[in-house]
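J.: sequence first, predicted coordinates after that:
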Amino acid sequence: MANQTLVLIKPDGLKKSLTGNILTRLSETKLDIIASKIVQVSRELALEHYQHMKDKPFFDELIKYIMGHYHKKKVMALVYWGEDAINKVRQICGSTNPEEAETISIRGQYGRITTKGVYENVMHASTNESEAEREIKLWFNPDELIIDVYPTKKIKLSKTERVWT
Ligand code: IDP
Ligand code: MG
């Protein structure tokens, strides 16, 4: 069955110039990229993304890490879509702890554990369908995806927008 998954190249992945390497590894899956962008992660977005970790002792460090305090203040966000996308991406990504991740997985090849105890594991990948849905809806608006993977509706907003001059 086709499904979709959120991939983030985390600030350490960008700082280490691993974007090309990571995307090349992920292209082994033959999945389609249906959205991508560079994001400066706000505190609100970081807290929401890692809400399930809020009771962990390393939570504050984790929030600083994903916001780019230790590397570059940016993350590359992508949505991959296709047959069994969630599992295929997670497989190449590798386990959470970079020291336990399979050596040839992306995290195994490029991740490290910092002296502050955070797993800097260079990328994020959703682990199941409900997590993928929550995360994709958090990081992207419907119009940023080239296919409608979840139902949408139209509402009229009267907000001020910044446009090119
Ligand atoms: P995942 O990213 O493999 O899905 P989660 O358990 O969702 O793993 O944890 C989110 C992120 O928090 C991890 O990618 C890693 O950066 C960090 N993390 C998770 N567990 C630990 C830990 O035990 N020590 C330090 N950092 C951790
Ligand atoms: Mg997770």
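T.: Yep, it's here. Everything numeric in this text was worked out from a predicted model, so none of it was measured. Ligands and ions are numbered 1, 2, ... in the order given.
J.: please, where are all the helices along the chain?
T.: Assigned helices in the chain, in chain order: 11-15, 19-27, 43-49, 59-67, 85-93, 106-110, 129-139 (criterion: DSSP state H).
J.: what helices or strands is the fourth one leaning on?
T.: Put plainly, it is helix 59-67. In terms of contacts (3 or more Cβ pairs under 8 Å, 6 or more residues apart in numbering; DSSP states H and E), helix 59-67 is packed against helix 11-15, helix 43-49. The way it works is simple: take the backbone N, C-alpha and C, and place the C-beta from them, glycine included.
J.: show me which positions of stretch 101-108 end up buried.
T.: Across stretch 101-108, burial judged by 16 or more other Cβ atoms under 10 Å covers A101, S105, I106, R107, G108.
J.: ok, so of the residues you listed, who is nearest M76?
T.: I106 (13.4 Å; Cβ to Cβ).
J.: my read is that the closest one contacts R25, right?
T.: Yes - using Cβ atoms under 8 Å, I106 makes contact with R25 at a distance of 5.5 Å.
J.: dump the residue contacts of the residue of the chain found nearest ligand 1.
T.: The chain approaches ligand 1 most closely through T96 (3.4 Å), counting by Cβ to the nearest ligand atom. If you count contacts by Cβ atoms under 8 Å, 6 or more residues apart in numbering, T96 has them with R107, Y119, N121.
J.: can I get the buried residues of stretch 101-108 in JSON lines including pLDDT and distance to K159?
T.: Converted to JSON lines, the buried residues of stretch 101-108 look like this (pLDDT from 0 to 100; distance: Cβ to Cβ, whole Å):
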{"residue": "A101", "pLDDT": "97", "distance to K159": "43"}
{"residue": "S105", "pLDDT": "98", "distance to K159": "42"}
{"residue": "I106", "pLDDT": "98", "distance to K159": "38"}
{"residue": "R107", "pLDDT": "98", "distance to K159": "39"}
{"residue": "G108", "pLDDT": "98", "distance to K159": "45"}
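J.: identify the farthest-apart pair in the residues you listed.
T.: Largest pairwise distance in the buried residues of stretch 101-108, by Cβ to Cβ, is 8.1 Å, between A101 and I106.
J.: and for the two, which residues touch both?
T.: G94.
J.: ok so, going back, could you identify which of the helices and strands packed on helix 59-67 is most buried?
T.: Comparing the helices and strands packed on helix 59-67 by mean neighbour count (mean count of other Cβ atoms under 10 Å), helix 11-15 ranks first with a mean of 21.
J.: perfect, I'm done here.
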